[in-house]
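J.: Sharing a sequence plus its predicted fold:
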Amino acid sequence: MALIEVKVPDIGDFKDVAIIEVLVKVGDTIKAEQSLLTVESDKASMEIPSSHAGVVKELKVALGDKVNEGSVVVMLEVAGAAAVAPAPAPAPVAAVAVPPPQPSPAGGGSNAASASAAGPVEVFVPDIGDFDEVAVIELMVKVGDTVKAEQSLITVESDKASMEIPSSHAGVVRELKVALGDKVKKGSLIVVLDGVAGAVVAAPAAVVPPPQPSPAGGGSQSVASAPVVAVPAAAAVPAHDPTAPALNLPHASPSMRKFARELGVPLAEVKGSGPKGRITESDIQGFVKGVMAGAVQTAAQKAVAPTPVAVAAAVPVGGGIPGLLPWPKVDFAKFGEVEVKPLSRIKKISGQNLARNWVMIPAVTYHEDADITDLEAFRVQINKENEKSGAKLTMLAFLVKACAKALQKFPEFNSSLDGDNLVYKKYCHIAFAADTPNGLVVPVVRNADQKSVSQIAIESGELAKKARDGKLGPADMTGACFTISSLGGIGGTYFAPIVNAPEVAILGVNKSAMKPVWDGQTFQPRLTLPLSLTADHRVIDGALATRFNVYIASLLADFRRIVL
Ligand code: CAO
């Protein structure tokens, strides 16, 4: 047994190509020639196969990484001394990859049209190396289209690589000479263009470089043992067998892969409706619509089974965020000792909800200071009176009651968006965030408008205990109209809580502090409670949010107002 490095072979002019699929994982037993990665430029994708059979010991690359010829891909444990016996001279052995693309010679290849013609121009498949009879999997233009020079006309595919064939000339498509499923090779006529005078380019500069087999012994395998690992170049790109897609990977052209990636769509989960199960643009769009409508769940969503918390905020998570890069993959152990622990179930679920709410709600946070000097004195006095019974009024209970009152005065705060409609609720259930050892949960005090502060204090205390004990049931966590997130027992000054969809606002509260407040003549020490209201701007504008805050502050400053 020996450990060898498998490297990206010579991939011609492809520089800094991104890894779009990692096809093996640590522990996998792989065959020689089995694909390890898919890499992609903006015009072509190709799979990088292994030069050896063996067991994957370490992955040296991750999704999104950029690789070049020579980049180490995996550490492979290979059997048999012969396989790794160093050759007398350290000549590199065959790179058993999809043959590296080679640029077509300028103006060459088989785009044989006259370079100066303004009339009809025939565009042919250029030299695509050893690719013999590749299938047309996508037609990217139609008759009547005006195409630019270098614009992709068709996508062709072998079982290991797909590439777009661009036009050597600008013009208007007069005739399409190929159809989906046709086999083409170097010299096949693709389209006839009505040439545009002066628009002819000298060379198909953006022609996807056709794969060329690496010469045996000319690759980048770090273990020198040419006789053992040299694989006939032809084997690197076996003849296309449409009935047996390599490793059951989704069939999609580079442009479809890019499109899916931009939308965050996991291609492996999309059912292709094109020829031989190929994934088309409408398949991807249909998948996204399904996820948004809740009819389809991605595997990532299914991995997190729905729970009451998820149900409480049951807007389906979208397929991803267009334009975002993949999450950075860092081998932290390179920098020091680490310990990996899985996220708790609650954290996984609330994380998905928070991420959706953060991205999808145009929210603004408004701050206000409430003078709670008198209210706190009252609360302390009542708690003293009730010391023997043990019943305790909490600031949270006063806040719940004040919010219930404010929701009645400002009904927009007790609403939810439903498409183009706003649903106004006639009931008043107030949720509060509770910090538990397993993560954040949000129990609900029902009909808070109809309960006394004492009742709310008892009920919220019971719910908080249930939350900490992990005993909240679905009924305890659903149906909220508005949420309070109180960090007052901990500290802080102000913060910006995230709206808990489909609610439209949330009130954050921090620790009260004695502050000097100018009364017109002198500074008075006043107990001040910092409020942070985050509201969905699609429903609540700044003026309304500030009025709501001012009203809450007025209730807390003089709680007698609650009975008005
Ligand atoms: N200012 C000053 N003191 C405050 C206060 C405030 N705003 N709010 C509470 N306190 C005091 C309480 O009076 C209590 O003191 P005593 O023991 O002397 O009476 C102490 O702080 C502890 O209060 P508490 O926070 O444990 O209890 P609570 O009823 O105020 O809150 C609950 C209950 C469940 C809201 C709270 O325990 C909790 O989990 N808070 C965290 C919520 C959270 O994580 N939010 C962030 C979510 S991300 O948006």
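T.: On my side now, so go ahead. Numbers count the residues shown, from 1 in each chain.

J.: okay but L422 is in contact with N414, surely?
T.: No: counting by CB atoms under 8 Å, L422 sits too far from N414 to count as a contact (10.4 Å). Where you see a C-beta, it was placed from the backbone N, CA and C, and this is true even at glycine.

J.: The two: which is more packed in?
T.: N414 (26 against 14; other CB atoms under 10 Å).

J.: three-state assignment of the closest residue to the more buried one other than its chain neighbours?
T.: The spatially closest residue to N414, leaving aside those adjacent along the chain, is L407, at 4.2 Å (CB to CB, 6 or more residues apart in numbering). With DSSP: H, G, I helix; E, B strand; the rest coil as the basis, L407 sits in helix.

J.: quick one, what contacts L407?
T.: Applying CB atoms under 8 Å, 6 or more residues apart in numbering, one finds that L407 lies in contact with F413, N414, C428, I430, D449, C481, F482.

J.: And the pLDDT for it?
T.: On pLDDT, L407 comes in at 98.

J.: any idea how far L36 is from it?
T.: 57 Å (CB to CB, to the nearest Å).

J.: do A402 as well
T.: 61 Å.

J.: How about the residues of this protein by the ligand?
T.: Proximity of the chain to the ligand (CB under 6 Å from any ligand atom) is limited to residues 394-396, 432-435, 440, 464, 485-489, 497, 509, 511-512, 529.

J.: Keep only those of these that are in helices.
T.: Counting by DSSP state H, the part of the residues of the chain next to the ligand found in helices is M395, L396, A464.

J.: Return the residues in contact with the last one.
T.: Right, A464. A464 makes contacts with F432, A434, P443, as judged by CB under 8 Å, 6+ apart.

J.: Need the per-residue pLDDT for Q301.
T.: Listed pLDDT for Q301 reads 54.

J.: Same check on the one 3 residues further on?
T.: Confidence at V304, expressed as pLDDT, is 43.

J.: again with P105
T.: Looking at P105, its pLDDT is 35.

J.: thinking again about what came up before, may I see the PyMOL selection of the buried members of the contacts of A464?
T.: Applied in PyMOL, the following selects the buried portion of those according to 16 or more other CB atoms under 10 Å:
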select buried, resi 432+434+443
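
J.: Which single one of the contacts of A464 is nearest to V8?
T.: Distance to V8 across the contacts of A464 (CB to CB) is lowest for A434, with 50.8 Å.

J.: Can you say which helix or strand has the nearest residue to the closest one once chain neighbours are set aside in it?
T.: If the residues on either side of it in the chain are set aside, A434 comes closest to A467, at 4.0 Å by CB to CB, 6+ apart. In this assignment (DSSP states H and E), A467 forms part of helix 453-468.

J.: Grab the CA positions of that helix and hand them over as CSV.
T.: C-alpha atoms of helix 453-468 as CSV (Å, rounded to 0.1, in the frame of the first residue of the first chain):
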residue,chain,number,x,y,z
VAL,A,453,-50.3,41.1,33.4
SER,A,454,-50.3,38.6,36.3
GLN,A,455,-51.8,35.9,34.1
ILE,A,456,-49.3,36.6,31.4
ALA,A,457,-46.4,36.5,33.9
ILE,A,458,-47.5,33.1,35.1
GLU,A,459,-48.1,31.7,31.6
SER,A,460,-44.9,33.1,30.1
GLY,A,461,-43.0,31.7,33.1
GLU,A,462,-44.4,28.3,32.5
LEU,A,463,-43.7,28.4,28.8
ALA,A,464,-40.1,29.5,29.4
LYS,A,465,-39.6,26.6,31.8
LYS,A,466,-41.1,24.2,29.3
ALA,A,467,-38.8,25.7,26.6
ARG,A,468,-35.7,25.1,28.8
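
J.: give the contact list for D182.
T.: Going by CB under 8 Å, 6+ apart, D182 touches A135, V136.

J.: rerun at 6 Å
T.: V136 (CB atoms under 6 Å, 6 or more residues apart in numbering).

J.: List the buried residues of stretch 27-35.
T.: Those would be I30, A32, E33, Q34, S35, for stretch 27-35 by 16+ other CB under 10 Å.

J.: doesn't L76 make contact with the second one?
T.: No: using CB atoms under 6 Å, A32 makes no contact with L76, being 10.1 Å away.

J.: how many neighbours does E47 have?
T.: 25.

J.: in which helix or strand would I find it?
T.: strand 44-49.

J.: Doesn't R174 belong to a strand?
T.: Yes: under three-state DSSP, R174 falls within a strand.

J.: show me the contacts for it.
T.: V192, D194.

J.: Please tell me how far it sits from the ligand.
T.: 62 Å (CB to the nearest ligand atom, to the nearest Å).

J.: before we move on, the earlier item: how close does the residue nearest to N414 get to V400?
T.: Where V400 is concerned, L407 sits at a distance of 11 Å (CB to CB).
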